[in-house]
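Engineer: Could you look at this predicted model? Sequence included:
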Amino acid sequence: SVLAANNLDVSLWSRNLEQVNEINELHTNSRYLPGITLASNIIATSSMKDAVENSSAVVIVAPSSAMREVSRELKKYWKNDMICIHATKGFETETLHRMSSVISEELGCDEGDIVVLSGPSHAEEVIRHCPTTVVVASLNKEKAEAAQELFMNSYFRVYTNRDMVGVELSGALKNIIALGAGMSDGLGFGDNAKAALLTRGLAEISRIGVELGANPLTFSGLAGIGDLVVTATSQHSRNWRAGSLIGKGTKLNDVLESMGMVVEGIRTTQAAHKLSIKHGVQMPITDQIYHVLFKERDTRTAVETLMGRDPKTEMENMRLDTWEQWHT
Ligand SMILES: NC(=O)C1=CN([C@@H]2O[C@H](COP(=O)(O)OP(=O)(O)OC[C@H]3O[C@@H](n4cnc5c(N)ncnc54)[C@H](O)[C@@H]3O)[C@@H](O)[C@H]2O)C=CC1
Ligand SMILES: O=C(CO)COP(=O)(O)O
């Protein structure tokens, strides 16, 4: 929709022929964006070949679980002078790879040439032209700036950033904390609890992020705190909604059935739990959410465990040495 508003010809690929026909004939996408009329320069197709073949840029926003499959199909029509932008927030749970790694492995290109689009941006608000700010991250400056130019307009402001690792990790990991914020609200706790979850959540996101090579400053940017705030507080957030149902006592399977859309934080909790063990990085909130989701731990027990941890200093286990590394 943003690209179409910028007068670009947009080919939208979907596997669902019914949805393709609805978009082309009625210019609506009633299941996902009810009540919205789409621009007439968005043409849907069920053929990836037709969507990609003559394009200069490709935007992939498949759920993380489908990223490898979609990238493999894309490879058939991929040309190296195309720009590949992705806006997916998650990991490949089997390999623990970030999305740009998965895409570049399948396309056979440099990971640093992929552009990551992330930040506080719910589709339901962007489609109504509500002011929105995001980040495009890539090691390839030219490609990042080209993506910035494609998307930027009066209601969609785009910043570039070189820190692909930090941007991808924040985008994925904040969904776990949003699940936790939903659980807290579902349990009937207040704003103090939510502020604590966001702040201590960001501390553990930064801790694992720095360990994996991210710039710590990225976590105080749009892809970090920005997206964490929106996902943990917005009525549109699927992760917050799923968490709040769990906090009210609904079983995970029933929650997922009722959502009908991807809740990335569930798979990401599994991936982050493995990452924290693999790298020996403490992620206590993620650990408790993992136990609630997959080990039938009661949400109140999880809260008691978090509140009852040993006394600590606020900056305990933060890799402060890396600040100097980034400032030189
Ligand atoms: N909805 C939003 O506002 C935002 C979503 N994202 C990210 O975008 C990604 C996708 O999320 P949504 O579009 O919101 O999810 P969704 O659940 O609303 O839609 C996912 C779409 O992907 C399709 N799909 C699923 N498996 C597929 C496969 N194997 N091949 C092709 N298509 C497949 C589904 O049919 C559906 O049309 C997630 O990683 C999410 O975190 C990022 C920013 C904002
Ligand atoms: O990442 C998002 C907004 O920036 C979307 O979050 P949800 O998947 O929780 O709706």
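Structural biologist: Here it is on my side, so go on. Ligands and ions are numbered 1, 2, ... in the order given.
Engineer: only C-alpha atoms for contact and neighbour calcs from this point on.
Structural biologist: Noted.
Engineer: Quick one: end-to-end distance for stretch 216-231.
Structural biologist: Across stretch 216-231, the terminal residues are separated by 20 Å (C-alpha to C-alpha, to the nearest Å).
Engineer: Wondering if that stretch reaches ligand 1 at all.
Structural biologist: No: on the criterion C-alpha under 6 Å from any ligand atom, stretch 216-231 is out of touch with ligand 1, staying 9.1 Å away.
Engineer: Can you pull the residues of the stretch 51-200 of the chain lying near ligand 1?
Structural biologist: Proximity of the stretch 51-200 of the chain to ligand 1 (C-alpha under 6 Å from any ligand atom) is limited to residues 61-64, 66, 70, 87-90, 121-123.
Engineer: Just the buried ones from these, in ChimeraX syntax?
Structural biologist: This is the ChimeraX syntax for the buried subset of these, where burial follows 16 or more other C-alpha atoms under 10 Å:
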select :62,63,64,70,87,88,89,90,121,122
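Engineer: contacting residues for residue 104?
Structural biologist: 110, 111, 114 (C-alpha atoms under 8 Å, 6 or more residues apart in numbering).
Engineer: typed the wrong thing, it's residue 162
Structural biologist: Per C-alpha under 8 Å, 6+ apart, neighbours of residue 162: 137, 138, 139, 140, 141.
Engineer: Ramachandran coordinates for the first one?
Structural biologist: The phi and psi values for residue 137, taken as degrees, to the nearest 10, are phi -110, psi 130.
Engineer: Count the residues that sit near it.
Structural biologist: When counting by other C-alpha atoms under 10 Å, one arrives at 31 neighbours for residue 137.
Engineer: hang on, isn't it packed against residue 166?
Structural biologist: No: counting by C-alpha atoms under 8 Å, residue 137 does not reach residue 166; the two are 9.2 Å apart.
Engineer: ok, so of the residues of the stretch 51-200 of the chain next to ligand 1, who is nearest residue 51?
Structural biologist: Ranked by distance to residue 51 (C-alpha to C-alpha), these are led by residue 70 at 12.9 Å.
Engineer: Report the spatially closest residue to the closest one, excluding sequence-adjacent ones.
Structural biologist: Nearest residue to residue 70, sequence neighbours excluded (C-alpha to C-alpha, 6 or more residues apart in numbering): residue 62, at 7.4 Å.
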